[in-house]
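> Please find the sequence and the predicted model below.
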Amino acid sequence: MIATSGPAGPRSAAEGRRGDVIATSGPAGPRSAAEGRRGDVIARSGPAGPRSAAEGRRGDVIATAPGKLILAGEYAVLDGAPALVVAVDRRVVARRLGGPRGTAPLLVTLADVLAERLGPDHAATRAAFEIAVDSSAMFAGEHKLGLGSSAAVTVAATALALAAEHSGPDAIPVIDRALVAEIAHEAHGRVQARRGATGSGTDIAAAVHGGVIEFRNRLLDRLSWPAGVTLLPFFTGASADTPSLVARVAEARAVHPVEVGAALTSIAETARAACQACRARSPAMAATGLISALGLAATAFDRLAQVTGIALVPPCVTRARAALQPLGGTAKTTGAGGGDVAIAVIPATEDATRARRLLIEVGCQPLELKVDHAGVDLGPDVQ
């Protein structure tokens, strides 16, 4: 069983505190949040206090977008294989602050894309320079969780910029998700390219559309999570640098094309099986099929780590897999691996509390994450 959430409401304690971290288009720091790290568009603010003008005004339109977890198909999705992706209920919150904010790479790039498509004087282009995005929910203290924060920031900022033609809290437009996805994908891709990375677009798709999806070649198919499977995300204790890992796997593939290619083929096959399990009409077959497919996906990912010589699988994930085997479950990395958030799955008939205790005992940090079906949304600022 996996819990779900609806449209974003007031921020919860699990999403971080107002004032902890705010992503803005202010002057660049030493590290870029668009690259999944603190710095350029993420600046620390002081303890949460009374609402300041910089945080926007009550009743103003805000945009929020969820994070994501890639459960299967990692790396192979870059070759056109399917990926099983879920949007999760850690949301970034975008606000317009009124007046230009500076030169952060991500939002400047977004403004460039908007100018190319809509013109430099379009309201959306001008609005891009006035946006700040609170992404504190995507962190655990000082650690990036690896939930696709830069993609969620880009999607939320894009949706809010495009809403600039409409004024007032009573004039909230219907989101053109296809347009948001196109513009956000282009802007996010340009920022990633500066680090030599090529993204698949899975994180953008999850932030735009929400839910459980099969993603392949920028096309998506909505799926359902089997009621007979409990998803238990956990933090591995260390953040990973996704663009760096993607580049290193590509380098290893150039040196060992046969071995790495075989591992990626296995990852692709297990991702197809996982997606197919989510389509099964029989609840029992869906549950058994998904847990089995994710177990095989974990083995395939282990093989990728072995043939590349890259530490893609944190030791706690391997220990978690062994600990959950008596419960009929398994554990694996998500996304590029190397750290960040991993997942465990067990039959819904098993005790989730016991499973979480086992995860803690082997060095994992369970997280309260739910599937978010809403995707990007617009609404009045109620804070």
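Looks like it arrived, so ask away. Numbers count the residues shown, from 1 in each chain.
> Which stretches in the stretch 51-200 of the chain count as helices?
105-118, 123-127, 149-162, 177-193 (DSSP state H, counting those that start in this stretch).
> Can you tell me which of those is most buried?
helix 149-162 (a mean of 31; mean count of other Cβ atoms under 10 Å). Where C-beta positions appear, they are placed from N, C-alpha and C, glycine not excepted.
> if we can go back for a sec, wait, which of the helices of the stretch 51-200 of the chain is closest to V382?
helix 149-162 (15.7 Å; Cβ to Cβ).
> Rounded mean pLDDT for the closest one, please.
Across helix 149-162, pLDDT averages out at 95.
> how far out from the middle of the chain is it?
12 Å (Cα atoms, centre = their mean, to the nearest Å).
> Which neighbouring elements make contact with that helix?
Judged by 3 or more Cβ pairs under 8 Å, 6 or more residues apart in numbering; DSSP states H and E, the packing partners of helix 149-162 are strand 61-72, strand 83-96, helix 105-118, helix 123-127, strand 131-134, helix 177-193, helix 202-209, strand 377-380.
> ok, 6 Å please
Helices and strands touching helix 149-162, as assessed by 3 or more Cβ pairs under 6 Å, 6 or more residues apart in numbering; DSSP states H and E, comprise strand 61-72, strand 83-96, helix 123-127, strand 131-134, helix 177-193, helix 202-209.
> Compare these and give me the one nearest I343.
That would be strand 61-72 among these, by Cβ to Cβ, at 6.3 Å.
> and for the closest one, what are the contacting residues?
8, 83-88, 90-95, 138, 147-148, 152, 155-156, 159-160, 163, 172, 202-203, 206-207, 210, 270-271, 274, 297, 334-335, 372, 376-378, 381 (Cβ atoms under 6 Å, 6 or more residues apart in numbering).
> Now which of the residues you listed would you call buried?
Buried subset of the contacts of strand 61-72 (neighbour count, 16 or more other Cβ atoms under 10 Å): 8, 83-88, 90-95, 138, 147-148, 152, 155-156, 159-160, 163, 202-203, 206-207, 210, 270-271, 274, 297, 334-335, 372, 376-378, 381.
> Switch the helices and strands packed on helix 149-162 over to CSV; also include mean pLDDT and distance to H256.
Listed next are the helices and strands packed on helix 149-162 as CSV, based on pLDDT from 0 to 100; distance: least, Cβ to Cβ, whole Å:
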stretch, mean pLDDT, distance to H256
strand 61-72, 96, 23
strand 83-96, 96, 23
helix 123-127, 93, 46
strand 131-134, 92, 40
helix 177-193, 93, 25
helix 202-209, 96, 25
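> Turn these into a markdown table, columns for distance to T242.
Formatted as a markdown table, these follow (distance: least, Cβ to Cβ, whole Å):
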| stretch | distance to T242 |
| --- | --- |
| strand 61-72 | 10 |
| strand 83-96 | 14 |
| helix 123-127 | 28 |
| strand 131-134 | 19 |
| helix 177-193 | 9 |
| helix 202-209 | 9 |
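> Can you say which of these is nearest to S244?
helix 177-193 (11.7 Å).
> Restricting to C-alpha, output the closest one in CSV.
Extracted C-alpha coordinates of helix 177-193, given in CSV (Å, rounded to 0.1, in the frame of the first residue of the first chain):
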residue,chain,number,x,y,z
ARG,A,177,0.8,21.4,-18.8
ALA,A,178,2.2,20.7,-22.3
LEU,A,179,3.6,24.2,-22.6
VAL,A,180,5.0,24.2,-19.1
ALA,A,181,6.7,20.8,-19.8
GLU,A,182,8.2,22.1,-23.1
ILE,A,183,9.6,25.3,-21.7
ALA,A,184,10.8,23.7,-18.4
HIS,A,185,12.5,20.9,-20.2
GLU,A,186,14.3,23.3,-22.5
ALA,A,187,15.5,25.6,-19.7
HIS,A,188,16.5,22.7,-17.4
GLY,A,189,18.3,20.9,-20.2
ARG,A,190,20.4,24.0,-21.0
VAL,A,191,21.5,24.3,-17.4
GLN,A,192,22.3,20.6,-17.2
ALA,A,193,24.3,20.8,-20.4
